[in-house]
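Engineer: Give the three-dimensional model of this entry:
(4 chains)
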There are 2 protein chains.
Amino acid sequence: MATVTNQVEERKPVTRNTIQRALVLEAVQSLHEHPTSADVYEAVRAKHPNISRATVYRNLGVLADKGEVLRVEVAGGADRYDFFNEPHYHARCRQCGMIFDVDMPYRSDLTEDVIDSHGFKIEGHQIMFDGVCPDCQKK
Amino acid sequence: MATVTNQVEERKPVTRNTIQRALVLEAVQSLHEHPTSADVYEAVRAKHPNISRATVYRNLGVLADKGEVLRVEVAGGADRYDFFNEPHYHARCRQCGMIFDVDMPYRSDLTEDVIDSHGFKIEGHQIMFDGVCPDCQKK
DNA sequence: ATGACTGCAAAGGGTTTGCATTGAA
DNA sequence: TTCAATGCAAACCCTTTGCAGTCAT
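Structural biologist: Presented below is the predicted three-dimensional model:
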């Protein structure tokens, strides 16, 4: 007899523990400067030379979905990944493109500042500051 | 990535008034739904079929630099252009990707909420809300 | 006459996807 | 045994660039 599976219910596949997945997570957790997928790929490749880019991308996606890492989408640049997975804000250097954490309390209530959302259901927000990082100011 | 800021004075070339430029500006000003470069390209092509994508991109760049249109960079998607060129905030629909203006006062003082910028010189910020737009809520 | 601007095609970057195979459960 | 995950290559999307010719100034 067929198992009764709910049509509506979203069935998420069971994730498996592969070495590749573990290594990707480990890489993100050891790289504290908001690594790009390319950075992660290079780091993992040092230990596991045969890993493919696709696998890194897929695992970063899985880990971000599970909330084990934070994906920081950057407009006009590669996505960054953050081992610090609590919501927080970032700043991007206009010159070198580096991403920095911003020391500012997370405003989970920011939506209340919206006067009229015109029926749009706001569920989250990101703030990206931009400017010049300490290193680039010296140049 | 890095916008090369010249130490020496940056001499910007004299801009010329081409039909292509005028048509691109006209298109952005007539399309009020945050058009992508592709949208602008299509709109201009209706009047001027021989225009190339490269010309549209280059002109959107020039117009954005001159402040005649606002470029809204979208993480993980095509850039949008806005005829309303005062700084303001946006919301992106998680389902259809559409960009909406958010009715919330611009916080030019937001930088003051930063506790410690660790030497980073903050010069600007963007806020992107995300959620579900009215149309997608109906589906 | 100058050089900003154009169209075209090719290249670039970041990311995703199709497919046959492998391997964790 | 199953089907999630892998490696590879090709495809994808958006954007930029090199080039030779054009046109606004």
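Engineer: how about the helices of chain A, start to end?
Structural biologist: The residue ranges that make up the helices of chain A, judged by DSSP state H, are A:19-30, A:37-47, A:53-65, A:134-138.
Engineer: any chance of the ones you listed in JSON lines, plus mean neighbour count and distance to DNA strand C?
Structural biologist: (Glycine included, C-beta is placed from N, CA and C.) As requested, the helices of chain A are arranged in JSON lines below (neighbours: other C-beta atoms under 10 Å in any protein chain shown; distance: least, C-beta to the nearest atom of the strand, whole Å):
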{"stretch": "helix A:19-30", "mean neighbour count": "18", "distance to DNA strand C": "6"}
{"stretch": "helix A:37-47", "mean neighbour count": "17", "distance to DNA strand C": "4"}
{"stretch": "helix A:53-65", "mean neighbour count": "17", "distance to DNA strand C": "3"}
{"stretch": "helix A:134-138", "mean neighbour count": "13", "distance to DNA strand C": "18"}
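Engineer: By mean pLDDT, show me the worst of those.
Structural biologist: For the helices of chain A, the weakest mean pLDDT is recorded on helix A:134-138, namely a mean of 91.
Engineer: and it, how far from the chain's centre?
Structural biologist: For helix A:134-138, the gap between its own C-alpha mean and the chain's C-alpha mean amounts to 26 Å (C-alpha atoms, centre = their mean, to the nearest Å).
Engineer: got it, and stretch A:58-72?
Structural biologist: In this view, stretch A:58-72 has its centroid 6 Å away from the chain centroid, taken as C-alpha atoms, centre = their mean.
Engineer: Excluding its own residues, what touches that stretch? List them.
Structural biologist: Stretch A:58-72 has contacts (C-beta atoms under 8 Å, 6 or more residues apart in numbering or on different chains) with A:15, A:20-21, A:24-25, A:28-29, A:34, A:37, A:40, A:79-87, A:90, A:99.
Engineer: filter those by proximity to chain B?
Structural biologist: With C-beta under 8 Å from any C-beta of the partner chain as the criterion, the members of those in contact with chain B are residue A:79.
Engineer: JSON lines for the helices of chain A, including distance to residue B:132?
Structural biologist: Listed next are those as JSON lines, based on distance: least, C-beta to C-beta, whole Å:
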{"stretch": "helix A:19-30", "distance to residue B:132": "29"}
{"stretch": "helix A:37-47", "distance to residue B:132": "28"}
{"stretch": "helix A:53-65", "distance to residue B:132": "18"}
{"stretch": "helix A:134-138", "distance to residue B:132": "38"}
